[in-house]
Each structure stands twice: as C-alpha cells, then as structure tokens.
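Q: predicted model follows, preceded by the sequence.
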Amino acid sequence: MTTHANVSRRRLLQLSLGGAAGLLASPALAADPTPVQPEGPFHPLARARGANGSIVTQDRRLLPYLDQDSDLTFVSDEPGAAIGTQLIVTGIVRDENDLPLAGANVEIWQACVSGKYNHRSDPNNEWLHP
C-alpha cells in the first residue's frame with residue numbers, strides 16, 4: 001500500500017528553493033586556499049657579540065633555534081619596547097578541508113617602524129630601528 005504525504009505545492013517550492021540556495025552558497029562559503037608564496041628576501045639577521053666585542057650579524061636561517069620567543073616588541077640589545085604600533089596577531093592554521101592543522105609553523109615577517117627590514121640586502125634607505 002502506497003501512502004503520500006500531504007505537502008502543499010507552496011511548501012514543496014519553498015523546500016526546493018531552500019535546497020538550491022544551499023547548494024549554490026556552499027562553494028562561496030568554502031575557504032580559499034592560501035596562495036603559494038616564495039621565501040621572502042629578508043630573513044632577520046641574528047646579532048651577537050664577537051670575541052672582540054663587536055656586533056656580528058649572521059643570516060638567521062643558519063641559526064634556526066636562536067630566537068625562542070614570539071615577542072617582536074622586545075629589542076634584546078636595547079632597553080624598552082620597539083618603536084611603532086603593536087599588533088596582536090591570532091589565528092588558526094587550517095588544512096584544505098578547513099580542519100585545524102596541528103603543529104603548523106607560522107613565520108611572521110616584520111619591518112621596523114621606518115619600513116626597513118633588518119637585513120643588508122634591503123634596498124630601503126630609511127633608518128633601521130631593530
């Protein structure tokens with residue numbers, strides 16, 4: 001025995017339009033993948049005192065575990081905080097399925113308040129405040 005539900009044409013049309021809207025909206029709500037970015041040219045230079053007391057700079061890529069904190073407002077060789085506007089950056093790294101990605105490394109690039117990077121290859125002629 002076959003039974004039919006009593007669904008009005010109006011209700012059927014509403015359900016159909018709602019389903020179609022959901023199908024059309026779902027790609028728009030999907031997260032865009034992060035574009036591939038090449039390694040930037042200005043990795044920060046590590047600064048240390050040489051045997052004679054002079055400041056020695058080395059490419060930080062050669063010393064991967066030198067900087068153990070993420071406080072970019074503190075200048076190790078100078079008293080006080082770095083000059084400029086302080087920002088708090090937060091976020092969640094997600095995979096292509098929009099799921100949180102555990103153990104991701106996030107590299108933050110920062111120029112000083114004048115816009116100059118702490119690297120000898122930066123062509124910016126502004127003054128450098130570390």
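A: Received, thanks.
Q: residue contacts, residue 95?
A: residue 101 (Cβ atoms under 8 Å, 6 or more residues apart in numbering). C-betas here are computed from N, CA, C, even on glycine.
Q: please report how far it lies from residue 33.
A: 10 Å (Cβ to Cβ, to the nearest Å).
Q: output the below-cut-off pLDDT ranges for the protein.
A: 1-7, 12, 18-31, 37-71, 75-78, 129-130 (pLDDT under 70).
Q: now do the helices in it.
A: 9-29 (DSSP state H).
Q: how about the strands of it, start to end?
A: 45-49, 55-59 (DSSP state E).
Q: neighbours around residue 32, how many?
A: Other residues near residue 32 number 5, with proximity taken as other Cβ atoms under 10 Å.
Q: that one and residue 101, how far apart?
A: 16 Å.
Q: any idea how far residue 102 is from residue 90?
A: For residue 102 relative to residue 90 (Cβ to Cβ), the value is 17 Å.
Q: what does residue 109 give?
A: Distance from residue 109 to residue 90, by Cβ to Cβ: 17 Å.
Q: quick one: which of these two has more around it?
A: residue 109 (9 against 4).
Q: neighbours around residue 119, how many?
A: Around residue 119 there are 18 residues (other Cβ under 10 Å).
Q: ditto for residue 88
A: 4.
Q: likewise for residue 118?
A: Neighbours of residue 118 (other Cβ under 10 Å): 19.
Q: same check on the one 4 residues further on?
A: Residue 122 has 15 neighbouring residues, counting by other Cβ under 10 Å.
Q: perfect, I'm done here.
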